[in-house]
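Peer 1: take a look and give me a structure for this.
(chains A, B, C and D)
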Protein chains: 2
Amino acid sequence: MTTRGRIDKRQAILEGAFTVFAREGYAQACVQDIARESGVAKPTVYNHMTDKATLFRNALEAAAQTALAGRVAALEPLAASQDDLRATLEEVAHALLRLHTDSRSCALKRLLYSEINHFPDILEIVKESGPDRLNQALADRLARLALAGRLRAADPDLAAEQFLALLLGPLEARSRLGTRTLEDAELRTMAAAAVDTFLRAWAAP
Amino acid sequence: MTTRGRIDKRQAILEGAFTVFAREGYAQACVQDIARESGVAKPTVYNHMTDKATLFRNALEAAAQTALAGRVAALEPLAASQDDLRATLEEVAHALLRLHTDSRSCALKRLLYSEINHFPDILEIVKESGPDRLNQALADRLARLALAGRLRAADPDLAAEQFLALLLGPLEARSRLGTRTLEDAELRTMAAAAVDTFLRAWAAP
DNA sequence: AGGAATTTGAACTCATCGGTTCAACGTAAC
DNA sequence: GTTACGTTGAACCGATGAGTTCAAATTCCT
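Peer 2: Okay, the predicted model is just below:
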């Protein structure tokens, strides 16, 4: 395994940094550990990133990008107009739950919460590519379904917000803030419960 | 200059500690600042608390206790069987939203998320007196309403979980993780939307 | 009033860590 | 080969902060 140029190291550093930050928190994570985790020397880290702070920002931004991509992709089944709406919603809900219980996702959320005071700017960066985008994408799908007469037509943005709330709200307590791994069966039950209530409130009359 | 030797410095220390921890995070908060914030000398802090870690635990536990008390008290209007169920639910929902947007509450949540890895035991302490208790208390109220024929009888625990999810889920994005203060009017709108959807799904058929 | 307990300020120890420097070491391009 | 550049390990500097010590000051209890 030989070093193949700068791009590899940079990527390794960003991933290693996120891993260590996620495990230790910003202040407790020391650059030496990040270097070791990335399989790189400490001066190399400072060769790519000017600061520990910018290292943190870049690592979080990269993690947020990949997280968002997966979540939006999980909405895909809603694109094709399905005949069994409930089954499709449950499938999407289950996929979203799985993505939100991923350890990297939980770590990202934790880091956001913990360092939002010291890095107010990461809120802009991540929020831009965060839940807002997911909400938007879901609202688009729901609007199409409303147009097709499957859902109530009123306010697809609100419908999306409440769908995600019903789905992800219980997750926090159930997963014990991300420290407990949930069985797949439990995820399915949660998805079904959320979809059931959502449809009772939002199905076309 | 300051009153020396006052009784019950312990309380002042716990409150000051929470304030500083909330502002700085665990690692960045230095005991000197906590002492200053509490109007107390540094050795006095160590006279009451053996460690920075136990100081943190105790401060969080105290904050969680008071937060829970307020929230359960906010459910009070549901006790007396009201004739206008929607109005009562909206009142309770609005009160809960106000409590959850309180800066101390947001700080508590942030601290929980950020230090859950370094202090796994605070999850037990706080969760015991946290959302679980609130959910339980609300489920009790909803069960009485179901018995009175106002709500669907099926699973009051799930109903409570979903009511809180509908109400508090959107809060995270709207308040920008607790960094934005929401207008009272917006809180009322959110409460009304949550209650509306909840009743559409859970009102007695 | 008087003794016990607590508080206080300041200085001190010791460890950690961000960030830098530097000489030696690949490695890739020409 | 040689030139240029990124990488490496190690050592170093300066700052910060946890936790302690201690004598003096203050408060509490009786």
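Peer 1: go through chain A and flag its longest helix.
Peer 2: helix A:52-74 (DSSP state H).
Peer 1: immediately after that one, which helix or strand?
Peer 2: Downstream of helix A:52-74, the first helix or strand assigned by DSSP states H and E is helix A:85-101.
Peer 1: close to chain B, is the lowest-mean-pLDDT helix or strand in chain A?
Peer 2: Ranked by mean pLDDT, DSSP states H and E, the weakest helix or strand in chain A is helix A:120-128, scoring a mean of 87. Yes: interface with chain B: helix A:120-128 contributes A:120, A:123, A:127 (CB under 8 Å from any CB of the partner chain). C-beta here means a position set from N, CA and C on the backbone, and glycine is covered the same way.
Peer 1: are any of the residues you listed buried, and if so which?
Peer 2: Of the members of the residues of helix A:120-128 next to chain B, the ones counted as buried by neighbours, 16 or more other CB atoms under 10 Å in any protein chain shown, are A:123, A:127.
Peer 1: report the contact partners of the spatially most central residue of chain A.
Peer 2: By CA atoms, centre = their mean, chain A has its centre lying nearest to A:Ala67, at 4.4 Å. If a contact means CB atoms under 8 Å, 6 or more residues apart in numbering or on different chains, then A:Ala67 has A:99, A:104-105, A:108 as its contacts.
Peer 1: mind doing that once more with 10 Å?
Peer 2: A:99-100, A:102, A:104-105, A:108-109, A:126, A:129-130, A:134 (CB atoms under 10 Å, 6 or more residues apart in numbering or on different chains).
Peer 1: can you pull the phi and psi angles for A:Leu14?
Peer 2: Main-chain torsions, A:Leu14, degrees, to the nearest 10: phi -60, psi -40.
Peer 1: was I right about it contacting A:Ala59?
Peer 2: Yes: under the criterion of CB atoms under 10 Å, A:Leu14 makes contact with A:Ala59 at 5.1 Å.
Peer 1: residues of stretch A:89-102 that come out buried?
Peer 2: A:89-101.
Peer 1: picking that back up, list only buried entries from the contacts of A:Ala67.
Peer 2: Applying 16+ other CB under 10 Å to the contacts of A:Ala67 flags A:99-100, A:104-105, A:108-109, A:126, A:129-130, A:134 as buried.
Peer 1: domain parsing for chain A?
Peer 2: Segmentation of chain A into domains, based on automatic domain parsing, reads A:1-49, A:53-202.
Peer 1: ok, which of the ones you listed comes nearest B:Tyr26?
Peer 2: With CB to CB as the measure, domain A:1-49 is the member of the domains of chain A nearest B:Tyr26 (7.7 Å).
Peer 1: any residue of that closest one touching DNA strand D?
Peer 2: Yes: remark: domain A:1-49 sits within contact range of DNA strand D at A:3, A:6, A:9, A:39-44, A:47-48, by CB under 7 Å from any atom of the strand.
Peer 1: can you tell me which of those residues are buried?
Peer 2: Buried among the residues of domain A:1-49 next to DNA strand D by 16+ other CB under 10 Å: A:9, A:40, A:44, A:48.
Peer 1: tell me the two of those residues that are most distant?
Peer 2: Farthest pair in these (CB to CB) is A:Val40 and A:His48. Separation: 8.9 Å.
Peer 1: what is in contact with the two at once?
Peer 2: Listed as contacting both A:Val40 and A:His48 by CB under 10 Å, 6+ apart are A:9-10, A:12-13.
Peer 1: now the buried members of those.
Peer 2: Buried subset of the shared contacts of A:Val40 and A:His48 (neighbour count, 16+ other CB under 10 Å): A:9-10, A:12-13.
Peer 1: neighbours around A:Glu37, how many?
Peer 2: For A:Glu37, the neighbour count with other CB atoms under 10 Å in any protein chain shown is 18.
Peer 1: surely it is in contact with A:Leu14?
Peer 2: No: using CB under 10 Å, A:Glu37 is not in contact with A:Leu14, being 11.2 Å away.
Peer 1: quick one, phi psi at A:Lys9?
Peer 2: phi -60, psi -40.
Peer 1: A:Ala203 too?
Peer 2: Main-chain dihedrals, A:Ala203, degrees, to the nearest 10: phi -70, psi 150.
Peer 1: nearest residue to it in space, please, no chain neighbours.
Peer 2: Among residues not flanking A:Ala203 along the chain, A:Leu151 sits closest, at 6.5 Å (CB to CB, 6 or more residues apart in numbering or on different chains).
Peer 1: quickly note the distance from the one you found to A:Thr44.
Peer 2: 53 Å (CB to CB, to the nearest Å).
Peer 1: likewise for A:Glu161?
Peer 2: Distance, A:Glu161 to A:Thr44, using CB to CB: 44 Å.
Peer 1: over to A:Ser114?
Peer 2: 27 Å.
Peer 1: need the residues of chain A near DNA strand D, please.
Peer 2: Going by CB under 7 Å from any atom of the strand, the residues of chain A near DNA strand D are A:3, A:6, A:9, A:39-44, A:47-48.
Peer 1: low-confidence stretches in chain A?
Peer 2: A:1-7 (pLDDT under 70).
Peer 1: can you rerun that using 90?
Peer 2: A:1-8, A:80-83, A:124-131, A:205 (pLDDT under 90).
Peer 1: if we can go back for a sec, check contacts around the residue nearest to A:Ala203.
Peer 2: Contacts for A:Leu151 (CB under 10 Å, 6+ apart) come out as A:85, A:142-145, A:159, A:198-199, A:202-204.
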